[in-house]
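A.B. asks: got a sequence here, can you model it:
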Amino acid sequence: MKTNWKIDTLHSQIGFKVKHMMITNVKGTFDQFDASLEAEDNDFTKAEFAFNANADSINTGVADRDAHLKSQDFFNAAAYPHLSFKSTGVKKISEEEYEIHGDITIRDVTKPIILSADFGGVVVDPYGQTKTGFSIDGKIKRSEFGLTWSAITEAGSIVVSDEVKLNCEIQFVKQN
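C.D. replies: Residues are numbered from 1 along each chain as shown. Next up, the predicted model:
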């Protein structure tokens, strides 16, 4: 029997980090997002994950940087308002580890990706809601999605790395 799960946005975070000047990481999140999960009871090996984030909700804590990330140099949020992911398969590695295979779409460019997921288990919260959680990580090359802005310092260092690390903490609520 299929079970539908809806993301608990109050207890979830969609994040990323990217090397800046190749010496430190700049972190950010998307503040507006939605996700769903369809699985057979509590067996997530046949699960279907779907995710959507509002590109205009990117938040790195610096307004000028956020504006640049929303511009044509990066996400072009006006023309491409959403980023999305849809799973194509799930592979159970161990009781706590899964690989989620799927397609990620940024700026209308879709590429396959494999995400690593640490399964947190299934619990009933104090309000009687059944919840499950995953810590999900992955990597993309931003240039493959048309996010090609780049600059070189006088010393020859790259300002922003092409590799972006994705890190998400996702909590789902079982739907009745």
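
A.B. asks: any stretches of the chain with poor pLDDT?
C.D. replies: 151-159 (pLDDT under 70).

A.B. asks: for it, what spans make up the strands?
C.D. replies: Under the criterion DSSP state E, strands of the chain are mapped to 2-7, 13-20, 24-30, 33-40, 43-54, 58-59, 82-92, 97-106, 109-124, 130-141, 160-174.

A.B. asks: now those in TSV, please, with extra columns for mean neighbour count and distance to Gln72.
C.D. replies: Glycine gets a C-beta too; all of them are placed from N, C-alpha and C. Listed next are the strands of the chain as TSV, based on neighbours: other C-beta atoms under 10 Å; distance: least, C-beta to C-beta, whole Å:
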stretch	mean neighbour count	distance to Gln72
strand 2-7	16	30
strand 13-20	17	18
strand 24-30	15	18
strand 33-40	18	22
strand 43-54	17	17
strand 58-59	20	14
strand 82-92	17	16
strand 97-106	18	14
strand 109-124	15	15
strand 130-141	17	19
strand 160-174	18	15
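
A.B. asks: present the ones you listed as CSV; the columns should include distance to Arg65.
C.D. replies: Shown next, in CSV, are the strands of the chain (distance: least, C-beta to C-beta, whole Å):
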stretch, distance to Arg65
strand 2-7, 26
strand 13-20, 10
strand 24-30, 8
strand 33-40, 19
strand 43-54, 17
strand 58-59, 9
strand 82-92, 18
strand 97-106, 18
strand 109-124, 23
strand 130-141, 19
strand 160-174, 10
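
A.B. asks: for Asn76, find the nearest of those strands.
C.D. replies: Among these, strand 97-106 comes nearest to Asn76, with 9.9 Å by C-beta to C-beta.

A.B. asks: parallel or antiparallel, which strands does the closest one pair with?
C.D. replies: Next to strand 97-106 in the sheet, as set by DSSP bridges, lie strand 82-92 (antiparallel), strand 109-124 (antiparallel).

A.B. asks: got the CA positions of the longest one in CSV?
C.D. replies: C-alpha atoms of strand 109-124 as CSV (Å, rounded to 0.1, in the frame of the first residue of the first chain):
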residue,chain,number,x,y,z
VAL,A,109,18.6,22.0,-17.7
THR,A,110,18.0,18.5,-16.4
LYS,A,111,20.9,16.2,-15.3
PRO,A,112,21.0,12.9,-13.5
ILE,A,113,22.3,12.9,-10.0
ILE,A,114,22.9,10.4,-7.2
LEU,A,115,22.2,11.7,-3.7
SER,A,116,23.4,10.0,-0.5
ALA,A,117,20.7,9.8,2.1
ASP,A,118,21.1,8.9,5.8
PHE,A,119,17.8,7.6,7.1
GLY,A,120,16.9,8.8,10.5
GLY,A,121,14.1,6.4,11.1
VAL,A,122,10.3,6.7,11.7
VAL,A,123,8.8,8.1,14.9
VAL,A,124,5.6,9.4,16.3
